[in-house]
Each structure stands twice: as structure tokens, then as C-alpha cells.
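Asker: Just need the structure, nothing else, for what follows:
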Amino acid sequence: MKIIALETVRTRTQSNLCFVRLHTDSGQIGLGETFYGAESVETYLHEQVAPQLVGLADPSPEAVGRLLTPYTGYQGGGVETRGNGAVDVALWDLLGQIAGLPLTDLLGGAVRTSIPIYNTCAGSRYVSATSRQRSDNWGLPEQDEPYEDLRAFLTRPAELARELRAEGYAGMKIWPFDRAAERNDGLRIDEAELAEAIGIVAAIREAVGTDLELMIELHGLWYPGAAARICRALAPYRPTWVEDPLRADAVAALGGLRREVDIPFAVGETCVGRRGFLPLLQENAVDVVTVDPTWTGGLTEARKVATLADAFGKPVAPHDCTGPVSLAVATHLSCSQPNGLIQETARAFLRTWYPELVAGLPEVAEGRITPSRAPGHGVRLRPELLAAPTTTTRESGR
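Answerer: Model prediction:
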């Protein structure tokens with residue numbers, strides 16, 4: 001097998017998404033994906049990666065990962081890491097196609113055939129305008145629309161919780177504190193702001209009790225004093241975890257905060273590689289590892305992160321609120337690792353733009369997700385996407 005072309009595919013449906021297709025001389029096409037800064041990642045892939053990759057015979061994920069490790073930029077989750085992560089996923093997809101095996105089997109075989117899911121309460125246009133995690137990029141509609149779960153948790157949290165429980169979801173994740181963090185630079189939260197956010201949490205617990213797990217996302221926007229106050233206020237409502245209360249690289253502060261409050265912490269969607277996770281695990285600053293398979297540098301690195309977490313007795317719950325390929329890869333990872341706990345999903349994506357762009361998504365039913373048994377990760381771009389006038393493609397090679 002030889003790589004003969006690297007192709008990128010972008011769509012106006014989700015401006016932050018960049019698909020990567022690796023074409024081989026034997027006719028297979030490996031599909032990868034990354035999210036945020038799509039234009040910059042695309043430029044990097046064609047200017048820096050394609051000259052090294054096109055013409056390479058029998059490329060393996062490990063060997064190519066070593067080849068593409070940059071002298072600068074390797075310590076962070078920037079353009080190089082996200083671009084290399086997309087290439088790594090595409091190479092794993094090619095390996096699966098050549099072997100005739102799904103990724104779960106290539107990763108050592110299934111520990112479980114499916115895994116419970118929780119719903120991240122985003123809407124279909126969530127973070128679709130810019131590469132920023134801010135409320136002005138939430139894509140909120142002016143009125144209720146189907147599966148606009150972000151607006152729903154802000155305005156009718158009890159009803160949304162009952163709806164998700166009835167659908168079989170194991171849990172739901174919300175972020176009612178973000179606007180307060182934006183107003184106050186994460187340094188403080190006043191009584192009215194705290195009461196407003198806690199009111200949403202209380203309404204969910206009153207509606208469904210503890211029948212539905214409740215995850216509280218803080219997006220790393222806070223400083224320790226304010227984060228501690230939020231966590232103490234949340235404690236009576238028994239959240240399953242508080243996610244990223246501080247930046248993931250604030251290791252000592254995270255460890256101190258974790259010892260101060262009696263709530264589990266989930267950390268890791270913005271953490272990069274084993275070397276990023278190791279200090280957090282050594283500090284005992286994390287209870288659940290939320291590694292993102294593409295943002296951390298690819299499936300090759302994500303698998304090693306999962307093994308590292310297992311060595312410290314910590315479960316993994318891979319991040320996904322990005323794209324369909326990432327969800328598929330995360331599901332294969334979750335089902336192949338002994339410490340796979342639960343898989344993040346966003347039903348607003350799964351029921352709107354994901355199936356518009358791709359076929360072969362993992363099956364979701366009765367609160368669980370099942371990875372595809374097709375060779376590779378199973379996801380393929382729809383011909384209609386490639387032919388659409390709102391799609392742009394660029395190819396290097398051939």
C-alpha cells in the first residue's frame with residue numbers, strides 16, 4: 001500500500017470541521033477528522049504533511065506519528081497536533097480496511113460490545129460559527145427547535161431531563177456557569193449568579209432524582225477560589241463529576257482543588273498526550289479521564305493515555321462534541337479498553353448534521369452506543385456531501 005494523495009474536505013454545515021482522506025494506490029480511502037481552526041489545519045496538512053506522506057509505502061500510525069512530530073508545537077494541542085491526529089485516525093481506518101477488521105478488533109478486541117452514553121446538551125449549531133468556546137458561539141435559536149438541548153437546559157431543564165431519561169440516556173451534561181465566568185473573568189461568582197445556575201441543577205434533580213447522572217461542565221474558565229465555591233454549592237446535588245473546573249495544565253491548582261472539595265473531577269479534553277496526562281494522574285487531580293482521540297494527537301496516543309489512566313486506576317470517558325468520525329473512533333476506544341466508563345454523545349448532532357454528512361455511524365439505542373463492525377471505524381462521507389456546492393475540497397498528490 002502506498003499513499004498517493006492527501007485530500008481535505010470542508011463544509012459550510014460546520015465551519016470548524018475538516019475531514020482528511022488518504023488515498024492509496026490500491027483504491028482504499030482512509031478517513032480522518034479534526035475540529036476547530038479548520039482552515040489553518042488544512043493549510044498545515046497540505047504544506048507540511050502531504051510532502052512527507054504522499055508516496056510513503058506501507059505507512060503505520062506509529063511510524064508516521066514519529067515522522068510528523070514537529071520540533072516546535074509538539075507540547076501543545078495546536079494546529080500540528082490536530083492535523084496529525086486526523087492523519088493518524090485515517091491511517092488506522094486504512095489498517096482496518098486492509099485487515100478487514102473494525103478498530104475495536106485492531107485495538108485488542110472488545111471488552112464490551114456497547115457502552116452507556118450521556119447527552120451533552122448542545123444544539124445543532126453549537127460552536128459552529130468560530131473556533132471559540134464562548135456563549136456568543138453557542139448558536140442559540142430564538143425559540144425552541146427539535147433537539148436544541150442547550151436552550152432547553154437553560155429555559156426548561158426539568159422537562160429536558162425527563163425527556164432524556166425517557167429516551168434511556170444514562171446521563172446529561174450542562175454548563176450553566178459559563179456566562180458568569182465570562183462576565184467575571186472566572187475570578188468570582190456572586191450570589192445571584194450562583195443561585196441562577198444552581199436553580200437549573202436543582203430543577204433537574206427534582207425532576208428525575210438520581211435516576212439520571214448529571215455532569216457539570218466548567219470549561220476550564222475558572223480560578224480556584226470561584227471554582228471551589230461552585231463545587232461546594234453543587235455538592236448537595238451529587239453530580240457525577242465536575243468537568244474541567246480549571247485549565248488542565250494548572251496541575252498543582254487542580255490537585256489542591258480536588259483535595260478541597262468532595263466532588264469527582266473529569267479532566268482531559270484539552271490535555272495532550274501521555275505527557276500531558278501523567279502529571280494530572282500523579283497529582284491525583286483527576287477522577288475520570290476525558291481524552292479526545294483527535295485533539296490528543298490521534299488514536300495511537302489516545303490508546304496510550306487510556307492505558308496510562310488504567311495504571312493509575314482511573315476510568316476513561318472519551319470526549320466527543322465535535323464530529324462524526326471522532327465519535328466513531330471514541331466509541332471503538334471506549335469498547336476496547338478495560339477502563340472505558342461511558343461515552344459522550346450530542347443527540348443534537350447525531351439527529352441533525354452528522355447523518356447529513358456521513359454514513360456508518362455507531363448505533364445508538366436504549367441509552368447505549370455500539371461501534372460499527374465494518375472494517376476500520378466504519379464512517380464514510382456521503383457522495384452528496386462531496387458533490388454539494390457548499391463543500392470545498394483540496395488535494396495534494398496525484
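Asker: Report pLDDT for Gly73.
Answerer: For Gly73, the model assigns a pLDDT of 62.
Asker: Measure how buried Gln272 is and give me the count.
Answerer: Gln isn't right for residue 272; it's Val. 25 (other Cβ atoms under 10 Å). From N, CA and C alone the C-beta is placed, and that goes for glycine too.
Asker: nope, Pro239 is what I was after
Answerer: 22.
Asker: so who does it touch?
Answerer: 201, 214-216, 263-264 (Cβ atoms under 8 Å, 6 or more residues apart in numbering).
Asker: From the residues you listed, keep the buried residues only.
Answerer: 201, 214-216, 263 (16 or more other Cβ atoms under 10 Å).
Asker: Of the residues you listed, just say which sits nearest to Pro61.
Answerer: When those are compared for distance to Pro61 (Cβ to Cβ), Met215 wins out at 30.7 Å.
Asker: Could you look up the SS state of that closest one?
Answerer: strand (DSSP: H, G, I helix; E, B strand; the rest coil).
Asker: pLDDT score assigned to it?
Answerer: In this model, Met215 is scored at 98, pLDDT.
Asker: Test my guess that it contacts Arg238.
Answerer: No: at 11.6 Å, Met215 does not count as touching Arg238 under the criterion of Cβ atoms under 8 Å.
Asker: on that earlier part again, among the contacts of Pro239, which one lies nearest to Asp178?
Answerer: Using Cβ to Cβ, the contacts of Pro239 come closest to Asp178 at Ile216, 10.7 Å.
Asker: before we move on, the earlier item: nearest to Glu167, of the contacts of Pro239?
Answerer: Once Cβ to Cβ is applied, the member of those that ends up nearest Glu167 is Leu214, at 15.7 Å.
Asker: returning to what we had before: tell me which of the buried ones among the contacts of Pro239 is nearest to Asp190?
Answerer: Val201 (17.2 Å).
Asker: re earlier: would CSV of the contacts of Pro239 with distance to Ala330 be doable?
Answerer: Conversion of the contacts of Pro239 to CSV gives the following (distance: Cβ to Cβ, whole Å):
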residue, distance to Ala330
Val201, 26
Leu214, 21
Met215, 16
Ile216, 21
Ile263, 24
Pro264, 20
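Asker: and of the residues you listed, the nearest to Leu187?
Answerer: Ile216 (19.0 Å).
Asker: Quick check: bridge partners of that closest one?
Answerer: Ile174, Val242 (DSSP bridges).
Asker: from memory Thr392 sits against Glu7, does it?
Answerer: No: here Thr392 does not reach Glu7: they are 11.0 Å apart, not a contact under Cβ under 8 Å.
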